[in-house]
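Trainee: give me a 3D structure for the following:
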Amino acid sequence: MSVHLAKRFPEPPIADLSPPDTIDDTDSSSTSSGSTVEDIDVYPLCNFGHPLQRMVGVQGAFDEDSEFMCYSRYSACSSDSESSITSSAIYDIDFEGIVDDYLAQQPLMNESRKLIMVQPSSEDSADAFMIKHLPCSCSELRILEELKDDEARLDPWNPMPHILSTVKRDNDVYLCMERLFPYNHPPFRTVANYMDFFKQVLEGLTFLHENNITQLSYHTTDSFMIDIGRGSRKSTTDSFDRTAYPVRYYYTDFEHARKFDSYHPSDHALFEKDVRDCGLLISSLLIHIPRVATKLKSLVNGMISGGFAADDSRKLFEALCKSLDSSVFDAPIVP
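Mentor: The predicted model follows:
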């Protein structure tokens, strides 16, 4: 699983998003004090792009017609290959050899930006990974290279998948990344599953914005994937209980992303659109958790209307979670 370490950044003045001390509410799913959050005012948008104080986060079949392609490894890797992995101390995988073998047999490998799923070499092994093909000159590669640097990689809110090895061929790069699954595979089962997903999505957006990365695809769940542990195989994911074990969500689509050297007010609309798209994403999933949908109304409305920055949204979300009775999180979802 991913390493989660605490990191602190200087914190500028920001809007106070704590819930009011006294709030009227008659909903049975609220706390014992009868508080609600539906009437919390929309706070002003502020401080896009500024570094913020980091808080420790709570860890929480593909086919060729889909966005993902599936590839079954047909031979074991040579352990004495000169191109064997040096970036992983766990598995001895010949990434360069696997990429070359795949290129020789699969012309579709030349389609850029598709994720190719390399299956384990045996039923009991955990050496599966993903390959992403990018042109060397693309801006997406430059962003991914920056986000994998040590300082950024250790940040617990960094939503970029871990890169295990980089294989360069001519004018293209093949990124070998940790094995991930679609964000909802295994399926969500409880309210807590959705709330953990929302929390990590907001933390990831905050991280990207404070690093001046914007123009993201946060409007669709297709951009998110889940890490349920290196030892997990496709045959076991349906029975995996994400409530009992921590999971980590990652953002995988930086194709149209842009990184600015510093935040400028003229770029405000791009950051605002990311937050709006994220609000629409959360809103589209609330149908599955009606017990908290009304509670998150103020959050979603603020994000969609342009009233919140990414970290404002994250802070309000955590405040709203604290106003919910703990029993709500164990409630089953609506199919």
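Trainee: just the strands in the stretch 101-250 of the chain please.
Mentor: 115-118, 129-135, 163-169, 172-178, 181-182, 213-214, 224-227, 248-251 (DSSP state E, counting those that start in this stretch).
Trainee: deepest-packed of the ones you listed, please.
Mentor: strand 213-214 (a mean of 24; mean count of other CB atoms under 10 Å). All C-beta spots, glycine's among them, are computed from the backbone N, C-alpha and C.
Trainee: so residue 292 lies in a strand, does it not?
Mentor: No. Secondary structure of residue 292 (DSSP: H, G, I helix; E, B strand; the rest coil): helix, not part of a strand.
Trainee: oh, and call the first residue 29 from now on, that's how I've got it
Mentor: Understood, numbering begins at 29; the last thing we discussed is residue 320.
Trainee: isn't it up against residue 219?
Mentor: Yes. With contact defined as CB atoms under 8 Å, residue 320 reaches residue 219; the gap is 6.1 Å.
Trainee: intersection of neighbour lists for those two?
Mentor: residue 356 (CB atoms under 8 Å, 6 or more residues apart in numbering).
Trainee: looking at the strands of the stretch 129-278 of the chain, which is nearest to residue 223?
Mentor: Residue 223 lies closest to strand 276-279 among those, at 12.2 Å (CB to CB).
Trainee: what's the end-to-end length of stretch 322-337?
Mentor: Counting by CA to CA, to the nearest Å, you get 21 Å between the two ends of stretch 322-337.
Trainee: same question for it, mean pLDDT?
Mentor: Per-residue pLDDT over stretch 322-337 has a mean of 95.
Trainee: related to what we said a few turns ago, would you single out the least confident of the strands of the stretch 129-278 of the chain?
Mentor: strand 143-146 (a mean of 86).
Trainee: can you check the pLDDT for residue 92?
Mentor: 44.
Trainee: returning to what we had before: ok, which of the strands of the stretch 129-278 of the chain comes nearest residue 177?
Mentor: Nearest of the strands of the stretch 129-278 of the chain (CB to CB): strand 191-197, 10.8 Å.
Trainee: hmm, back to that, go through the strands of the stretch 129-278 of the chain and name the closest to residue 270.
Mentor: strand 252-255 (7.8 Å).
Trainee: where in the stretch 129-278 of the chain is pLDDT low?
Mentor: Judged by pLDDT under 70, the stretch 129-278 of the chain has its weakly predicted residues at 135-141, 151-154, 257-267.
Trainee: what ranges does it have for its helices?
Mentor: Secondary structure of the stretch 129-278 of the chain (DSSP state H, counting those that start in this stretch): helices at 167-175, 178-181, 219-238.
Trainee: buried residues in the second one?
Mentor: Burial within helix 178-181, assessed by neighbour count using 16 or more other CB atoms under 10 Å, is assigned to no residue.
Trainee: enumerate every residue touching the closest residue to residue 230 other than its chain neighbours.
Mentor: In space, and not counting its chain neighbours, residue 230 is closest to residue 342: 4.1 Å by CB to CB, 6 or more residues apart in numbering. With contacts defined as CB under 8 Å, 6+ apart, the neighbours of residue 342 are 227, 230-231, 233-234.
Trainee: and residue 342, how far from residue 226?
Mentor: 9 Å (CB to CB, to the nearest Å).
Trainee: ok, now residue 220?
Mentor: For residue 220 relative to residue 226 (CB to CB), the value is 11 Å.
Trainee: okay, the two: which has more neighbours?
Mentor: residue 226 (24 against 20; other CB atoms under 10 Å).
Trainee: just the buried positions in stretch 211-226, please.
Mentor: Buried positions in stretch 211-226, judged by neighbour count with 16+ other CB under 10 Å: 211-214, 216, 218-226.
Trainee: so which of those is the closest to residue 351?
Mentor: When the buried residues of stretch 211-226 are compared against residue 351 (criterion: CB to CB), the nearest one is residue 223, at 12.4 Å.
Trainee: for that closest one, which residues are in contact?
Mentor: Contacts of residue 223 by CB under 8 Å, 6+ apart are 317, 320, 349, 357.
Trainee: neighbour-wise, which of those leads?
Mentor: residue 317 (24 neighbours).
Trainee: hang on, isn't that one packed against residue 221?
Mentor: No. In this structure, residue 317 is not within contact of residue 221 by CB under 8 Å, at 9.1 Å.
Trainee: can you list residues touching both of those two?
Mentor: Contacts common to residue 317 and residue 221, judged by CB under 8 Å, 6+ apart, are residue 361.
Trainee: quick one: work out the angle between the one helix or strand residue 311 maps to and helix 219-238.
Mentor: Remark: residue 311 resides in helix 296-313, with elements defined by DSSP states H and E. Angle of helix 296-313 versus helix 219-238, following axes from the mean of the first three to the mean of the last three CA atoms, to 10 degrees, is 170 degrees.
Trainee: just the CA atoms of helix 296-313, as CSV, please.
Mentor: What follows is helix 296-313 as a C-alpha-only set of coordinates in CSV (Å, rounded to 0.1, in the frame of the first residue of the first chain):
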residue,chain,number,x,y,z
HIS,A,296,-8.8,31.9,-11.6
ALA,A,297,-11.4,30.6,-14.0
LEU,A,298,-9.4,27.4,-14.6
PHE,A,299,-9.1,26.6,-10.9
GLU,A,300,-12.8,27.4,-10.3
LYS,A,301,-13.8,25.1,-13.1
ASP,A,302,-11.9,22.2,-11.5
VAL,A,303,-13.8,22.8,-8.2
ARG,A,304,-17.1,23.0,-10.1
ASP,A,305,-16.5,19.8,-11.9
CYS,A,306,-15.6,18.1,-8.6
GLY,A,307,-18.8,19.4,-7.1
LEU,A,308,-20.8,17.9,-10.1
LEU,A,309,-19.0,14.6,-9.6
ILE,A,310,-19.9,14.4,-5.9
SER,A,311,-23.5,15.5,-6.7
SER,A,312,-23.9,12.7,-9.3
LEU,A,313,-22.9,10.1,-6.7
